[in-house]
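[1] Based on what follows, work out the 3D shape:
(one chain, ligands or ions: 1)
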Amino acid sequence: IKFDKLDIGVFCALALAVVAYLQLDKLRALIFSDDSSLAVHSDSRDIVEVLKENKKDFLVIYASQTGTSEDYAKKFAKELAQKFSLNVMCVDVENYDFENLNMLPENVIVSIFISTYGEGDLPDGAFQFEEWLQYLNPGDLANIRYTMFGFGNSTYEFYNGAAKKTEKLLSEAEAKRVGSFGLADDGSGSTDEDYLGWKESIFEDLKDALALHEREVVFESSYDYSELPKEVNNSISLGEPITAYLPGTPLSYNDDGKQLGPFDSTHPYVAPIVNTRELMKSSDRNCIHVEFDLSGSNIKYSTGDHIAVWPSNPDEKVAKFISVFGLDSETVFDLKPKDNTMKIPFPVPTTIGAAVRHYLQISGPISRQIFSSISQYVSETALKDKLNALSKDKVAFAEQITSKYFDLADVLLYLSNGVKWDFVPWVYLVETVPHMQPRYYSISSSSSTEKQTVHITAVVENFPNPTAPALGPVTGVTTNLLRHIHLTKTNEDIAKSTLPVHYDLNGPRGLFSPYKLPVHVRRSTFRLPSNPATPIIMIGPGTGVAPFRGFIRERIKLVSSQENVSLGKHLLFYGCRNDDDFLYHDEWPDYAKKLDGVFEMVVAYSRIPGKPKVYVQHSMMERKAELYELIEKGAFIYVCGDAKGMAQDVHKTFLDILSQGKDITTEEASEILKTFKTSGKYLEDVW
Ligand code: FAD
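    Numbers count the residues shown, from 1 in each chain. As a prediction, this is how the structure comes out:
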């Protein structure tokens, strides 16, 4: 083979590009101290070696998709350490190898926390852990004792599938479970209580198994906490989602100032919001359509995927939190891990103000557990007793606290009759208040029509507090932020509007200006059938319609770009109260026209004066013969939206349709639907 000068030039350029790319990744790992690189400082990935190196005597491992099991695993580890003086190592399975687990010292128990994602799957980061589990032989773990707790949603067929799968493989390898197999059900909204009930009994089991003695809980920080001079330089985070976004971090931006990826759940892309729209006409409810521009980021998505939005807290809630705990927003602090196994929870050094605004989840339902731990700082006996009593009484807690929709700052002021809680150490709050997590949205655009733009459809969480109106409305963090952006961007008069809370839209050092938010895309299994002739049945009331807008736009693109495409029936059951909250009301007639006769939307109205309430399942029953016929023709079924009520009602309706159509029992119909779910013909995207 002969090469001319041009070939050699091209080769050299390619080789340089490859080297530069590889070096870039290495440099990145060295320079950026985001969560993933802080996870382990030790050279080893061997879980037992690291445990021994750090002289730990209890192991807690977690596999988390959205941060829930991570949060609970850390709480569990902290409480174990404080109550029983254990030296607990708490780590993400993603960062370790388990091949030598059977070398674990005899008196060490492993507590496992596993979330289920998708169709009974383990979280993405647990890929290697799962592979290790699958190759275990009987007897391989005969010397291992473990506890097991799973996080799942009973609406899904494979409820807690990941924890069940893990449990099965561990028991086949003859590992011995200590105590009961705990399961949390988000479908019934009882995750926190499920965990607390399990934890109380498992602590008793662990006490027996390890001859532990309980002591009074005294908070000890897992970090070396220090305060720095109040000078904000370029190394101090002001709420940047990860340290890569600090000014002057090399290799974060290219010469044109564009952010450098790759972007994923550990490195969000700060995406410009190019368009927003209010989708509701009513005066007291809002639903915001938001379009994120991903061009230049190299992020790819497919129709049916999710996008995660990284929010921050509103001014009002930040101010209240800072005031109740008597904090100084300007204080600059640093956290250093006490040993190699600890992970820093967010970018530090930072200021207290930035941490409260960007890194802590300061609003939302409160866990009973916090009452027992915070009581250690209370000297007034009556208040201390009240906190302890409420923390032990599930029913009283639900009646007196949960029902009032208190945020943490509100509830503490309420219990102390307005006296501030400035005696609670800041470092305790850093470790006890949950950390802010991104919120997921079903993408409502199609990757065929909007390649670089992702649309979401977010209903704004904002309602008057039913039992404590003086506290102001109950608001969701992300959706009110999206609405604030929408109102500001479209120049609507915010003062006159009903905006209940207000945000710093500029973000740290102007990072979110003008109108940007950090996002990352998550793959889902919610996909159209590859054969367009396959009929599909879609059920998506409210914002559950989001991915179906994407599906229909995808089909329109297909028929407009290819000749002679034969589409199967596309039947959508949509539900809303009335025409005021009919999402994308103006778009559907056009879609129906373009998909001439193939696409049909059935609308169930639940609040038309003088008319009976109609929900999607009622409309489905009215069309039961047709639905049965479509199922017999091999239709794919898609359900999206509310997990608690709707998805279960819809499932039951399909059971009725099948059992009546085939003249079989409900149990037999249930088996059929189960096979549909396993084979990916009945797909749910519910939350
Ligand atoms: P949060 O701050 O997370 O609050 C959650 C709820 O708690 C709100 O209802 C809020 O009013 C309530 N609350 C606030 N304070 C308190 C308190 N003190 N006590 C008790 N309750 C309180 N949503 C959509 O709108 N569209 C979608 O397409 C969509 N797709 C999703 C897809 C997936 C896979 C998942 C998991 C979720 C999806 N969601 C969707 C839901 C979405 O992720 C968010 O949960 C939702 O938008 C609320 O987020 P928020 O930050 O505004 O509320």
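
[2] what's across from the closest residue to residue 181 other than its chain neighbours in the sheet?
    Nearest non-adjacent residue to residue 181, counting by C-beta to C-beta, 6 or more residues apart in numbering: residue 148, 5.1 Å away. All C-beta atoms are positioned from the backbone trio N, CA, C, and that covers glycine. Beta-bridge partners of residue 148, counted by DSSP bridges, are residue 112.

[3] contacting residues for residue 148?
    Counting by C-beta atoms under 8 Å, 6 or more residues apart in numbering, residue 148 touches 112, 114, 163, 166-167, 170, 177, 181-182.

[4] go with 7 Å
    112, 163, 167, 177, 181-182 (C-beta atoms under 7 Å, 6 or more residues apart in numbering).

[5] quick one: the residue in the chain that the ligand sits nearest to from residue 460, how far?
    At 2.3 Å from the ligand, residue 476 is the closest residue in the chain, using C-beta to the nearest ligand atom. Using C-beta to C-beta, to the nearest Å, residue 476 is found at 7 Å from residue 460.

[6] I'd assumed residue 459 was in contact with the residue of the chain closest to the ligand.
    No. Contact criterion C-beta atoms under 7 Å: residue 476 and residue 459 do not qualify, at 9.0 Å.

[7] Which parts of the stretch 251-400 of the chain are helices?
    In the stretch 251-400 of the chain, the helices defined using DSSP state H, counting those that start in this stretch lie at 315-324, 352-354, 369-374, 381-392, 394-400.

[8] and the first one, does that touch the ligand?
    No. No part of helix 315-324 sits near the ligand under the criterion C-beta under 6 Å from any ligand atom; the closest distance found is 9.2 Å.

[9] Give me the buried positions along that helix.
    317-322, 324 (16 or more other C-beta atoms under 10 Å).

[10] how about the residues of this protein near the ligand?
    With C-beta under 6 Å from any ligand atom as the criterion, the chain meets the ligand at residues 306, 311, 363-365, 405-407, 439-442, 457-459, 461, 474-479, 543, 546, 687.

[11] Spell out for me the PyMOL command that would select the buried members of these.
    In PyMOL syntax, the buried subset of these is picked out as below (16+ other C-beta under 10 Å):
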select buried, resi 306+311+363+405+406+407+439+440+441+442+457+458+459+474+475+476+477+478+479+543+546+687
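
[12] just checking, which of the residues of the chain next to the ligand belong to helices?
    477-479, 546 (DSSP state H).

[13] now for these, which pair is the farthest apart?
    477 and 546 (19.3 Å; C-beta to C-beta).

[14] how about the helices in the stretch 551-687 of the chain?
    Under DSSP H, counting those that start in this stretch, the stretch 551-687 of the chain gives helices at 588-594, 616-622, 624-632, 646-662, 666-678.

[15] re earlier: show the contacting residues for the residue of the chain closest to the ligand.
    residue 461.

[16] Let me know the pLDDT of it.
    Looking at residue 476, its pLDDT stands at 98.

[17] Tell me who's in contact with residue 80.
    With contact set as C-beta under 7 Å, 6+ apart, residue 80 has these partners: 58, 86, 88.

[18] List the buried residues of stretch 494-508.
    499-501, 503-505, 507-508.

[19] Turn those into CSV, including secondary structure.
    CSV is the format used below for the buried residues of stretch 494-508 (DSSP: H, G, I helix; E, B strand; the rest coil):
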residue, secondary structure
499, coil
500, coil
501, coil
503, coil
504, coil
505, coil
507, coil
508, helix
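
[20] Most widely separated two among these?
    500 and 508 (23.6 Å).

[21] so of the helices of the stretch 251-400 of the chain, which one's packed in deepest?
    Ranked by mean neighbour count under mean count of other C-beta atoms under 10 Å, these are led by helix 352-354, which reaches a mean of 21.

[22] For that helix, give me every contacting residue.
    With C-beta under 7 Å, 6+ apart, helix 352-354 has contacts from 237-239, 327-331, 333, 426, 508.

[23] The same query, at a cut-off of 10 Å, please.
    By C-beta atoms under 10 Å, 6 or more residues apart in numbering, the residues outside helix 352-354 that reach it are 227, 232, 236-240, 312, 318-319, 321-322, 325, 327-333, 346-348, 426, 429-430, 508.

[24] Got a quick ChimeraX command for the buried subset of the residues you listed?
    In ChimeraX, this line selects whichever of those come out buried by 16+ other C-beta under 10 Å:
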select :232,236,237,238,239,240,312,318,319,321,322,325,327,332,333,346,347,348,426,429,430,508
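
[25] separation between residue 268 and residue 513?
    From residue 268 to residue 513 the distance is 16 Å (C-beta to C-beta).

[26] cool, residue 64 as well?
    Distance from residue 64 to residue 513, counting by C-beta to C-beta: 32 Å.
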